[in-house]
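Colleague: Okay, predicted coordinates and the sequence, questions at the end:
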Amino acid sequence: MLYWLTAMSDGGDFFNLFRYITFRAGGAFFTSLLFGFFFGVPLINVLRRKQGKGQPIREDGPETHIAKAGTPTMGGLLIVGALLVSTLLWARLDNGFVWLVLFVTMSFGLIGFADDYAKVSKQNTAGVPSKVRLALGLLIAAIAGYWATQLHPVDLAGQLAVPVFKDVLLNLGILFVPFAIIVIVGAANAVNLTDGLDGLAIMPVMIASGALGIIAYFVGRVDFTASLGLHYVPGTGELLVFVAGLIGGGLGFLWYNAPPAAVFMGDTGSLALGGALGAIAVASKHEIVLAIVGGLFVVEALSVIIQVLYFKATGRRVFLMAPIHHHYEKKGWAEPQIVIRFWIVSLILAVIGLATLKVR
C-alpha cells in the first residue's frame, strides 16, 4: 500500500525510497515486530480467558509435557496478524505472487484455527477430522499451483528447475500442479509436526523463509539471475517484503514462546507458516531447494512416516517416540538442548541451500 507514495516522488526525495524492495522489506520487518510486541500480551490474556484449560496435552506424550498443561494455544494468530498487516502495508499490491502466497498462508491458517478451536472447545487432541483437513489443504494447494503456472513466464510454466544446473529443466506439464500440491501440503504438515517444543518450529521457519526470501529476491532481478545461474521469474523479488514481515512476526511471537512458553503457536501458526514456505518455493521455482533449507521439517515428517510404517510391518518402533524431537526427549535430552541444536541444524541447512546459488 505504501508503495503508492512513489507517485508523489520526483525521483530524488524521501518518497522515492518506497520504490526499493529492500527499504520496504525493512519497514515490513519492524512493523511486524512491533505488532507482535504491542499485541502479544493482550492476545495471550484473551486466549487464556477464552480457552480456560488451554491446549490439551497428549496423554502418551513425554512426561515433562504435563507441566505445560493450561498454556493457551492459537498464538499463531499473532504471527499471521503481524504478517498480514505488514505485507498489506509495505508490499506492492499489484503483484500476483504476493497475493498467491497470502492466499495460501491465510487459507492454511484458517484450517489450523478451526482445528485449534475444535481441540480447546472439546478439550481433546482430535480436532478437525484429518480427512477434512487434508481435503481442504489439497484444494488450496491445487489453486495455488495452477495460479503459479499463470504467473510464471511462458518458458518456465510447468517446468521444474534443478538447483545448480540452470540449463536443466524438467517439463512436468500438467503434472506440475500435483507436484505443487505435494510441496505446499507437505511443507504445511511437516512444520505442523515439528511444532512440539517451545520455540522449536518458529526459528527454523524464520531461517528457511529467510533463505527462500533471498532466493526469491535474486530470482526476481534479471541482473542477479545472470550472475547466479538462476531462472528469471519477474515479480518474485516482492516476496522479500512478505518474508521480512514473517521474520518480524516470528521474532515477536518467539518473545512469548521462548521456554517456558506463555503461548503455543498451534495449528493456526504451523499450518499457515508451512504453507507459506511451500508457496514461496513454488513461486520462485525453488521447490527442491526448499527440501534443503527446510531439511529439518523433512526429517521430522520422515521420522513419523518411518515410525508408522515400521510399526505396522513389525509391531516394533524405530524411534522411542515420533516425531524425532520426542525421541531425544525420551533419551533424556533437555528441551532447550533439543531446540537450540535443531536451530543450529536449520541454520547449517539454510547455508547449504543458499550455496546452490552459483556465482559465475
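Modeller: Cool, got the structure. Numbering: from 1, shown residues only.
Colleague: so how far is F311 from R317?
Modeller: For R317, the distance to F311 equals 6 Å [CB to CB, to the nearest Å]. (C-beta placed from N, C-alpha, C; glycine too.)
Colleague: ok, now I215?
Modeller: 38 Å.
Colleague: ditto for P42
Modeller: 44 Å.
Colleague: Could you check which of the two is surrounded by more residues?
Modeller: Of the pair P42 and F311, F311 is the one with more neighbours under other CB atoms under 10 Å, namely 14 against 10.
Colleague: Is the nearest residue to E335 once chain neighbours are set aside part of a helix or strand, or is it coil?
Modeller: Leaving aside its sequence neighbours, E335 sits nearest to L197 (CB to CB, 6 or more residues apart in numbering; 5.4 Å). Of the three states, L197 takes coil according to DSSP: H, G, I helix; E, B strand; the rest coil.
Colleague: I324 is in contact with L197, correct?
Modeller: No - L197 is beyond contact range of I324, at 11.3 Å (criterion: CB atoms under 8 Å).
Colleague: Now the helix or strand harbouring I305: average pLDDT?
Modeller: Here I305 sits within helix 295-314, counting by DSSP states H and E. For helix 295-314, mean pLDDT is 96.
Colleague: Over to stretch 245-255?
Modeller: 97.
Colleague: Identify each buried residue in the helix or strand following the helix holding I305, please.
Modeller: Later in the chain than helix 295-314, the nearest helix or strand by DSSP H and E is helix 324-330. Neighbour-count burial for helix 324-330, counted by 16 or more other CB atoms under 10 Å, picks out 324-329.
Colleague: any residues touching stretch 124-134, and which ones?
Modeller: The contact list for stretch 124-134 (CB atoms under 8 Å, 6 or more residues apart in numbering) reads 56, 58, 111, 114-116, 118-119, 185, 267.
Colleague: Dump that stretch to PDB, keeping only the CA atoms.
Modeller: Once non-C-alpha atoms are left out, stretch 124-134 reads as follows in PDB (Å, rounded to 0.1, in the frame of the first residue of the first chain):
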ATOM      1  CA  ASN A 124      -9.200 -33.300  23.300                       C
ATOM      2  CA  THR A 125      -6.400 -33.700  20.800                       C
ATOM      3  CA  ALA A 126      -8.700 -34.900  17.900                       C
ATOM      4  CA  GLY A 127      -9.600 -31.500  16.400                       C
ATOM      5  CA  VAL A 128     -10.900 -31.300  12.800                       C
ATOM      6  CA  PRO A 129     -11.000 -34.800  11.200                       C
ATOM      7  CA  SER A 130      -7.700 -35.400   9.300                       C
ATOM      8  CA  LYS A 131      -9.500 -36.200   6.100                       C
ATOM      9  CA  VAL A 132     -11.300 -32.900   6.100                       C
ATOM     10  CA  ARG A 133      -8.000 -31.000   6.800                       C
ATOM     11  CA  LEU A 134      -6.300 -32.900   4.000                       C
END
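Colleague: That stretch: how far from the chain's middle?
Modeller: 20 Å (CA atoms, centre = their mean, to the nearest Å).
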